[in-house]
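Undergrad: Quick one: sequence plus predicted model below, questions after.
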Amino acid sequence: MSNLRKRQGESSKFSGQVETAMVKAVTVEQRWHWSGTANQGIWEIDYHQGTGKMVTAGDDGRAMIWEVVPQDGHIDFEYVSSLAKATIVNGCNTAKWSPTGSLIATGYDGGIVSIWRRTKHPTSTSHGDSRYNKEHWVNFKVLKLPIPSDVSVVEWSPDQRTLLAVTAGGPTLIWSITEGTVCKQALQDHQYRACGLAIDPFSTQLCTLGDDQRLCFYNRNNSQTTSQFVTLKVMTSDFAKGLVDQDKFRGLVRRPTWSPDGMFLLVPSAYQSVKKSILEQALKGVATIKKKRKKCHIDLEDDDDQQEEYTELHGCLVFLREKYDKASAFIPAPHGHTPICAAWGKKFYEYIKPCSATSEMFGALPYRMVYAIGSRCRATKVNSVFIYDTVHVNPLIVVNNVHQMPMTGLLFSNDDSTIISSSRDGYVSTIQLNSELLGQTIDAAEGHEEAKDLLSRQQEMKAHLADQAKKVDEELKEQIRSIQKRNRERFSIASPPKAADSSEAKTATPPRDPNVNVLVKKKKRITPVPIS
């Protein structure tokens, strides 16, 4: 673990490809969403742990499935299938795997949400060129929006019974997957353009955020007959802190994300107004962190000079579960950078004692978690990925010049060894991390009984939700079988007679007269012609 402390804050410049002792970053040069002359922008990427496949949503109106194949020292992406509807010509803004991996939800411009399912053979409802598809997917359902509006993000609940979507018009829409295509609930707390959505791993807490500088929290109330989300808190921006407005935000998506233990919510594109003098001291290395609170944030309580000029420091807000009155911590981005997206790793790591006393932003946890933040510099247009853990204030490593245009997605692989990012420039990049950088996982560590007991209880809750998702799969399969049965009964056609063999065709008898039991020969009629 000494290597982790030595390399804390290490930075790597990256433009196309870079390799150091701790990180290897590569832009994957291939035709992702090819339009004939160039790659179209990629709006979202999503990885499914069980299948090992990734889905991308592109500006060409298609969602494409790729198989993630680890190779020696790098990762390959092999084409699997394309999800494209013949009636859709607008962009595909979002695509998400269902928890079981049997369904994919996609959202488009114009207010269309589609659910796709896999079939064994191509059918008449398949679209696109199926000659190159390794798998065949068909459009299973088209969900109805109360008011047509561009769909920004879709998200599945962990039990797979609910699909949620946020739209450019503001409402957050909720459907029940097993109960038809009509929207069951619409949350109206956003004034316009909601572009971020996250539901916790236990399917009870929901967060949305948008360009209207509002951050909304909801709780799921389950009853015997229905399941509804109720508003817990709506946070609006003020002078001191809040969300970056759309004029200063350099992206079209905002990606909040929950930690794998469901205890913390990380919200990008936030800011705090600080005095320029304090910010200059921070940039020079002067300690401005409140040690007695053990929180990483800029001191805003010094009001000696009310006339001093303020500036905005952008970063990420950290919220503790079920405590949404105010953020528990603020993670500042480098000066001039605005965080766009964030992602948590999937593993839990052995706890280590921090190097300084100004740590513990996430409280006294018996384990560590890692997370990554993707940001863009407002002046130089440089995209960077900052990799942190829940113990240290400073990033473990920084990778610069990741993409030419703003990033749209960020995710970790199953073992946290690789970070995958997407961008509006139409490309996907991979950042492979050395195992020494992150440390030892809890599963492999000796002792740590407190951490293992806590994580085992969380795993039991997640396993229960996974069982519920499998039951939903069975219900949907039964619905499909009943629909297919009704269609066969409605459009049933008698089977055609068997074709005669060639030998039988040669010896076929001429037709018989129904009135007699002998063969008759058809007589030729002679028409009389007058002779002049």
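TA: Thanks, I have the structure now. Numbers count the residues shown, from 1 in each chain.

Undergrad: Could you pull out the strands in the stretch 51-200 of the chain for me?
TA: 53-58, 63-71, 74-83, 92-97, 103-108, 112-119, 136-143, 151-156, 162-167, 172-176, 185-187, 194-199 (DSSP state E, counting those that start in this stretch).

Undergrad: do you know which of these lies nearest residue 47?
TA: Closest of the strands of the stretch 51-200 of the chain to residue 47 is strand 53-58, at 4.8 Å (criterion: CB to CB). For the C-beta atoms, the positions are set from N, CA and C on the backbone; glycine is no exception.

Undergrad: what bridges to residue 26?
TA: residue 17, residue 430 (DSSP bridges).

Undergrad: wait, doesn't it sit right on residue 73?
TA: No. If you go by CB atoms under 8 Å, residue 26 and residue 73 don't touch, sitting 9.8 Å apart.

Undergrad: and those two? which has more neighbours close in?
TA: For residue 26 and residue 73, the more surrounded residue by other CB atoms under 10 Å is residue 26, and the numbers stand at 18 against 9.

Undergrad: okay, that one: pLDDT?
TA: Listed pLDDT for residue 26 reads 86.

Undergrad: Please report the distance of it from residue 78.
TA: 16 Å (CB to CB, to the nearest Å).

Undergrad: Next: residue 147.
TA: Residue 147 is 40 Å from residue 78, where distance means CB to CB.

Undergrad: do the same with residue 36
TA: To residue 78, residue 36 is 22 Å away according to CB to CB.

Undergrad: Could you check which of these two is surrounded by more residues?
TA: residue 78 (12 against 6).

Undergrad: Pretty sure that one sits against residue 70.
TA: No. Contact criterion CB under 8 Å: residue 78 and residue 70 do not qualify, at 11.7 Å.

Undergrad: count of neighbours near residue 327?
TA: So residue 327, with other CB under 10 Å, has 22 neighbours.

Undergrad: As a check, name the ranges of all helices in the stretch 251-400 of the chain.
TA: For the stretch 251-400 of the chain, the helices defined by DSSP state H, counting those that start in this stretch cover 276-283.

Undergrad: Pull up the gap between residue 146 and residue 172, please.
TA: For residue 146, the distance to residue 172 - CB to CB - is 12 Å.

Undergrad: Without its sequence neighbours, what residue ends up closest to residue 190?
TA: residue 170 (4.0 Å; CB to CB, 6 or more residues apart in numbering).

Undergrad: which sections of the protein are below the confidence cut-off?
TA: 1-21, 85-89, 122-131, 223-226, 239-240, 246-251, 278-308, 354-360, 443-452, 492-532 (pLDDT under 70).

Undergrad: Who are the packing partners of the helix or strand containing residue 436?
TA: In the assignment (DSSP states H and E), residue 436 maps to helix 435-438. Packing partners of helix 435-438 (3 or more CB pairs under 8 Å, 6 or more residues apart in numbering; DSSP states H and E): helix 2-6.

Undergrad: So which of residue 146 and residue 172 has more stuff around it?
TA: Neighbours per residue, other CB under 10 Å: of residue 146 and residue 172, the larger number sits with residue 172, 24 against 13.

Undergrad: give me every residue that touches the more buried one.
TA: By CB atoms under 8 Å, 6 or more residues apart in numbering, residue 172 lies in contact with 164, 165, 166, 186, 187, 189, 190, 194, 197, 206, 208, 216.

Undergrad: Would you mind measuring from it to residue 199?
TA: 11 Å.

Undergrad: shared neighbours of the two, anything?
TA: Joint contacts of residue 172 and residue 199 (CB under 8 Å, 6+ apart) are 164, 206.

Undergrad: Dump the strands of the stretch 51-200 of the chain to TSV, plus distance to residue 419.
TA: Shown next, in TSV, are the strands of the stretch 51-200 of the chain (distance: least, CB to CB, whole Å):
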stretch	distance to residue 419
strand 53-58	13
strand 63-71	13
strand 74-83	11
strand 92-97	18
strand 103-108	22
strand 112-119	27
strand 136-143	27
strand 151-156	20
strand 162-167	25
strand 172-176	28
strand 185-187	32
strand 194-199	18
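
Undergrad: Look up the residues that both of residue 146 and residue 172 are in contact with.
TA: residue 186.

Undergrad: So what's the residue count around residue 179?
TA: 9.

Undergrad: Next up, phi/psi of it, please.
TA: phi -120, psi 40 (degrees, to the nearest 10).

Undergrad: Same check on the one 10 residues further on?
TA: The phi/psi pair for residue 189 (degrees, to the nearest 10) reads phi -80, psi -10.

Undergrad: Can you pull the residues that touch both of residue 26 and residue 73?
TA: With CB under 8 Å, 6+ apart as the test, residue 26 and residue 73 both reach residue 432.

Undergrad: Burial check on the residue nearest to residue 469 when sequence neighbours are not counted, number of neighbours?
TA: Nearest non-adjacent residue to residue 469, counting by CB to CB, 6+ apart: residue 160, 3.7 Å away. For residue 160, the count of nearby residues is 25 (other CB under 10 Å).

Undergrad: cool, and residue 378?
TA: Considering only other CB under 10 Å, residue 378 is surrounded by 16 other residues.

Undergrad: ok, now how distant is it from residue 334?
TA: From residue 378 to residue 334 the distance is 11 Å (CB to CB).

Undergrad: and the closest residue to residue 407 other than its chain neighbours, bridged to which residues?
TA: Leaving aside its chain neighbours, residue 407 sits nearest to residue 374 (4.4 Å; criterion: CB to CB, 6+ apart). Legend: beta-bridge partners of residue 374 under DSSP bridges are residue 341, residue 385.

Undergrad: that older thread, gap between the residue nearest to residue 469 and residue 351?
TA: 33 Å.

Undergrad: how about stretch 370-382: buried residues?
TA: 370, 371, 372, 373, 374, 375, 376, 377, 378, 382 (16 or more other CB atoms under 10 Å).

Undergrad: Closest one of the residues you listed to residue 329?
TA: residue 371 (12.4 Å).

Undergrad: Contacts only, for the closest one.
TA: 257, 259, 266, 342, 343, 344, 345, 387, 388, 389, 390.

Undergrad: Could you tell me how far it is located from residue 81?
TA: From residue 371 to residue 81 the distance is 31 Å (CB to CB).

Undergrad: before we move on, back to that, the residue nearest to residue 469 against residue 97, yeah?
TA: No. Using CB under 8 Å, residue 160 is not in contact with residue 97, being 10.4 Å away.

Undergrad: quick one: common contacting residues for these two?
TA: Contacts common to residue 160 and residue 97, judged by CB under 8 Å, 6+ apart, are residue 103.

Undergrad: Now do the lengthiest helix in the chain against strand 162-167: the angle between them, please.
TA: For the chain, the longest helix by residue count, based on DSSP state H, is helix 449-490. Per axes from the mean of the first three to the mean of the last three CA atoms, to 10 degrees, the angle that helix 449-490 makes with strand 162-167 is 90 degrees.

Undergrad: That concludes my questions; thank you for your assistance.
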